[in-house]
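Student: can you look at this prediction? I've put the sequence above it.
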Amino acid sequence: MMIIVSSTFLLLLQPTKIISSPLSFLHQQKVYAVTESITINKQLLRQDANKVHQQLVKSYFIFTSLKAFFGPAEVVNATKQADAAMLSGKWTIQQSRAIANEFSSLTKKENKPSPQMKSTRDYYVPISDGKERILLRLYDPGVKQKPSPLLIYVHGGGWIVGSVDIFDDSIRRLANSSGLMVAAMNYRLAPEHPFPAGLDDVVSTIRWIASNGQKIGIDTKKMALGGDSAGANLALSSALTLRDSNNNKEHNLFRVLYLMYGPYSPNLLNSTSMKMFGGGDFGLTYGQMKYAMSQTFQNASDYKNPLAFPLLDKNLTRLSPVYIAAMALDPLKDDSIQLASRFQQSGQEYYMAIWPGVAHGALSLIPVTSEIQKYLDAMTIYLKGVLTQS
């Protein structure tokens, strides 16, 4: 009320046109005053909402190092500006890949030693088109048992960025934590190679490993398949492809599937977790996912394809046991929860863990927040148990 009176008083002091009726004049001033009052109140409400939002953001972070990494205003503003550019069509794939390259050097930036391996070996695997070969790297943390169990790992990057080299630190951490051999492959990226090119490459590489395991020191009866982010999507889609293969030997290639914070639904942009955590305060954003999906799934039919979005599969069963790891501060969290619910309904064996206080891209964030390593070590206990038992 005080604001309205003050605004009306100021308006009355300003020169005005001659009004034919005093009542008309007073009515006009009342409209002006109410309009200004509404505008001011909206601004105050917006400021209050921003304060509440910032308080919520601070409360979600339980690790000070992660809050310091994502929280500075300049970081949040830059993320939101990039989001706006993606949504307005002013973004390029080269910009995404430059950021991915920068993100891959977190270990060096944080002055942390890179995890050590006893050895790494590179192979070049022919892919389905018969024209190209892709890199497959075998990480050995010092495994004594040969032939040895193997985790096949598919890197993330929204289907549009990433490589074995970029995710090298994360793969080494998986190998050290589990004490197992880990095989990681490159795959063709969108938009140059849209869906299903990347999926075809992952499936081709799995089949190559299954056929050549003995030659490279792998016990093909003790294998697991996993991935993080888009890599989890590709891992699950690969498992569905092999489940439905005409070759019966491909139906049970894995003892367990490991799926970390993946996108599985064509409707993920409308989820509650996306609305809560996709605004730019927690790393991964709505704009980033919308951009990545538009670059990868270029045909309308892709959004109805269960190999693009596994939650569309009508019968999510007849798979190896599935271990799902979701991040509490991840816009994609609801996809993991929905996947677990579908497994529950279908009678598929699964296990699920939600890592409190952790954002999307957890494996890459260990150099920033060392506590995440404890979550990783707890996760790999099951992996070791399944793959090392006779």
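Tutor: Structure received.

Student: so which residues of this structure form strands?
Tutor: 119-126, 133-140, 148-154, 181-185, 218-228, 256-260, 322-327, 350-355 (DSSP state E).

Student: make TSV out of the ones you listed and add distance to Y382, mean neighbour count and mean pLDDT.
Tutor: Every residue, glycine included, has its C-beta placed from N, CA and C. Listed next are the strands of the chain as TSV, based on distance: least, C-beta to C-beta, whole Å; neighbours: other C-beta atoms under 10 Å; pLDDT from 0 to 100:
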stretch	distance to Y382	mean neighbour count	mean pLDDT
strand 119-126	25	13	96
strand 133-140	20	19	97
strand 148-154	12	26	98
strand 181-185	16	26	98
strand 218-228	10	22	97
strand 256-260	7	26	98
strand 322-327	6	25	98
strand 350-355	7	18	98
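
Student: distance to G361 added to these, as CSV?
Tutor: What follows is the strands of the chain, written out as CSV (distance: least, C-beta to C-beta, whole Å):
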stretch, distance to G361
strand 119-126, 23
strand 133-140, 20
strand 148-154, 15
strand 181-185, 16
strand 218-228, 8
strand 256-260, 10
strand 322-327, 8
strand 350-355, 12
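
Student: closest to M274 out of the ones you listed?
Tutor: Nearest to M274, of all those, is strand 322-327, at 13.1 Å by C-beta to C-beta.

Student: just the angle for that closest one relative to strand 218-228, thanks.
Tutor: 30 degrees (axes from the mean of the first three to the mean of the last three C-alpha atoms, to 10 degrees).

Student: C-alpha coordinates for strand 322-327, PDB please?
Tutor: Taking Å, rounded to 0.1, in the frame of the first residue of the first chain, the C-alpha atoms of strand 322-327 are listed here in PDB:
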ATOM      1  CA  VAL A 322      21.400 -54.800 -13.600                       C
ATOM      2  CA  TYR A 323      23.200 -52.500 -11.200                       C
ATOM      3  CA  ILE A 324      21.800 -48.900 -11.500                       C
ATOM      4  CA  ALA A 325      23.700 -45.900 -10.000                       C
ATOM      5  CA  ALA A 326      21.800 -42.600 -10.000                       C
ATOM      6  CA  MET A 327      23.200 -39.200  -8.900                       C
END
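
Student: picking that back up, nearest to Y286 among the strands of the chain would be which one?
Tutor: strand 322-327 (16.2 Å).

Student: that closest one pairs with which strands?
Tutor: strand 256-260 (parallel), strand 350-355 (parallel) (DSSP bridges).

Student: A224 is nearest to which of those?
Tutor: Here strand 256-260 is closest among these (C-beta to C-beta), at 4.8 Å.

Student: list of residues touching that closest one?
Tutor: Contact with strand 256-260 is made by 151, 224-229, 231-232, 235-236, 239, 319-325, 336, 339, 362-363, 379, 382-383, 386-387, as judged by C-beta atoms under 8 Å, 6 or more residues apart in numbering.

Student: spatially central, which residue of the protein would that be?
Tutor: S229 (3.9 Å; C-alpha atoms, centre = their mean).

Student: now do the helices in the chain.
Tutor: For the chain, the helices defined by DSSP state H cover 2-13, 22-60, 64-70, 73-87, 93-103, 106-109, 168-178, 197-212, 230-243, 272-277, 286-296, 333-346, 362-365, 372-388.

Student: the closest residue to G142 other than its chain neighbours: neighbour count?
Tutor: Using C-beta to C-beta, 6 or more residues apart in numbering and skipping residues adjacent in sequence, the residue nearest G142 is K118, 4.2 Å away. By other C-beta atoms under 10 Å, the residues close to K118 number 10.

Student: kindly report the same for the one 10 residues further on.
Tutor: Each residue near S128 was counted by other C-beta under 10 Å, and the total is 14.

Student: contact partners for the closest residue to L138 other than its chain neighbours?
Tutor: Closest residue to L138 apart from its sequence neighbours, by C-beta to C-beta, 6+ apart: R121 at 4.6 Å. Shown in contact with R121 (C-beta under 8 Å, 6+ apart): R137, L138, D140, I216.

Student: dig out what the first one forms beta bridges with.
Tutor: Beta-bridge partners recorded for R137 (DSSP bridges): D122, A184.

Student: that one: what's it in contact with?
Tutor: With C-beta under 8 Å, 6+ apart, R137 has these contacts: T120, R121, D122, Y123, V164, I171, A183, A184, M185.

Student: state the distance from it to N233.
Tutor: 21 Å (C-beta to C-beta, to the nearest Å).

Student: swap in Q338?
Tutor: Distance from Q338 to N233, by C-beta to C-beta: 13 Å.

Student: can you check the pLDDT for the nearest residue to the residue nearest to the centre of the chain once chain neighbours are set aside?
Tutor: What sits nearest to S229 in space, not counting adjacent residues and going by C-beta to C-beta, 6+ apart, is G156, at 2.9 Å. Looking at G156, its pLDDT reads 98.

Student: re the thing from before, mind picking the two most distant members of the contacts of R137?
Tutor: Top of the distance list for those (C-beta to C-beta): Y123 and I171, 14.8 Å.

Student: list the contacts of the nearest residue to K290 once chain neighbours are set aside.
Tutor: Excluding the flanking residues, the one nearest K290 by C-beta to C-beta, 6+ apart is L269, at 5.9 Å. Residues near L269 by C-beta under 8 Å, 6+ apart: Y286, M289, K290, M293.
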